[in-house]
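K.L.:
Okay, here's the prediction I keep looking at, along with the sequence it came from:
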Number of protein chains: 2
Amino acid sequence: MSKSSLLLTPTEQVACCSPLLKQPLGADEASRITPLLKALADPVRLRLLSLVASYADQEACVCDLNDAFDLSQPTISHHLKVLHEVGLLDRSKRGVWVYYRVRSEALADLSTLLGGVTA
Amino acid sequence: MSKSSLLLTPTEQVACCSPLLKQPLGADEASRITPLLKALADPVRLRLLSLVASYADQEACVCDLNDAFDLSQPTISHHLKVLHEVGLLDRSKRGVWVYYRVRSEALADLSTLLGGVTA
DNA sequence: ACCTGACATAGACATCTGTCAATATAGATG
DNA sequence: CATCTATATTGACAGATGTCTATGTCAGGT
């Protein structure tokens, strides 16, 4: 929260914005939101996110995720990285395994931005 | 509603799906949702959508939209087409002018899908 | 020390995407 | 009909993106 805005992940930068339909988005705002949407706009990543969420504590080991797709391990690794960099997944290494966890606030913020269902 | 599913826009195909975080998305479901997200995942289109929404009746003439961007007319036309094809914008021609209108249900559905704010 | 297994990174390649200039279409108007 | 104006379509091109193979890294076990 106290980090410089240059260091915020796209997710954190989106959190503040008012709903899409309320007022015209500025070019700068749009550019901050887009990376998040780009990260979601891929069928494999969408499934990855959803799959991770289905595990206990919304956290899954990469080894579990690899098997769920008919794709090479580096490809999955790449997609996980994209989701992580954008703030949709948290990453933690425990022993030899790496676990990714869903940051649901991220999705919630985006959801609010689109639907304007401001609580 | 009675149309064959092959003729549904991506928006209409998304409307039925349960929230992303509730259960693992199937490959087919993911492929139906992705086009919508892809359409949104561009700064110009995001601004276009937001800008159209800001007009009376959430409807704007293309001529108004062109001026708001530092892009060629064909480029704007292209982006509007993408948003239209995916079901986010309705299109109606009146005289020489073409008007695009926001289909807010589309965004609402997507918002629900992401946030799981099922009413 | 060595090997094995889990994951990431690098590099290559084909495809997709955003943009433009040029051209087409189609109403309105003289 | 000729022309102007609004919008769409086409074709070209540079840059982004998804995927793979090959390789690197790092932690445990023998």
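P.N.:
That came through, no problem.

K.L.:
where exactly do the strands run in chain A?
P.N.:
A:59-61, A:89-94, A:97-102 (DSSP state E).

K.L.:
Kindly state which of those is positioned closest to chain B.
P.N.:
Closest to chain B of the strands of chain A is strand A:97-102 (CB to the nearest CB; 6.7 Å). Yep, even glycine has a C-beta here, placed from its N, CA and C like the rest.

K.L.:
Direction included, what does that closest one pair up with?
P.N.:
strand A:59-61 (antiparallel), strand A:89-94 (antiparallel) (DSSP bridges).

K.L.:
could you dump these to JSON lines with mean pLDDT and mean neighbour count?
P.N.:
Listed next are the strands paired with strand A:97-102 as JSON lines, based on pLDDT from 0 to 100; neighbours: other CB atoms under 10 Å in any protein chain shown:
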{"stretch": "strand A:59-61", "mean pLDDT": "97", "mean neighbour count": "18"}
{"stretch": "strand A:89-94", "mean pLDDT": "97", "mean neighbour count": "14"}
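
K.L.:
Make CSV from the ones you listed and add distance to DNA strand C to it.
P.N.:
Output for the strands paired with strand A:97-102, formatted as CSV (distance: least, CB to the nearest atom of the strand, whole Å):
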stretch, distance to DNA strand C
strand A:59-61, 5
strand A:89-94, 6
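
K.L.:
related to what we said a few turns ago, switch the strands of chain A over to CSV; also include distance to B:L37.
P.N.:
Below are those laid out as CSV (distance: least, CB to CB, whole Å):
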stretch, distance to B:L37
strand A:59-61, 22
strand A:89-94, 16
strand A:97-102, 17
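
K.L.:
Relative to DNA strand D, which of these is closest?
P.N.:
strand A:89-94 (7.3 Å; CB to the nearest atom of the strand).

K.L.:
Close to DNA strand D: what parts of chain A are there?
P.N.:
Within chain A, the positions adjacent to DNA strand D are A:38, A:41-42, A:44, A:70-72, A:74-75, A:78-79, A:82, A:95-96 by CB under 7 Å from any atom of the strand.

K.L.:
could you redo the last one with a cut-off of 6 Å?
P.N.:
Proximity of chain A to DNA strand D, by CB under 6 Å from any atom of the strand, involves residues A:K38, A:D42, A:V44, A:L71, A:S72, A:P74, A:T75, A:H78, A:H79, A:G95, A:V96.

K.L.:
So what's the residue count around the residue nearest to the third one when sequence neighbours are not counted?
P.N.:
To tie it back to what came earlier, the one meant is A:V44. Excluding the flanking residues, the one nearest A:V44 by CB to CB, 6 or more residues apart in numbering or on different chains is A:H79, at 5.4 Å. A:H79: 22 surrounding residues under other CB atoms under 10 Å in any protein chain shown.
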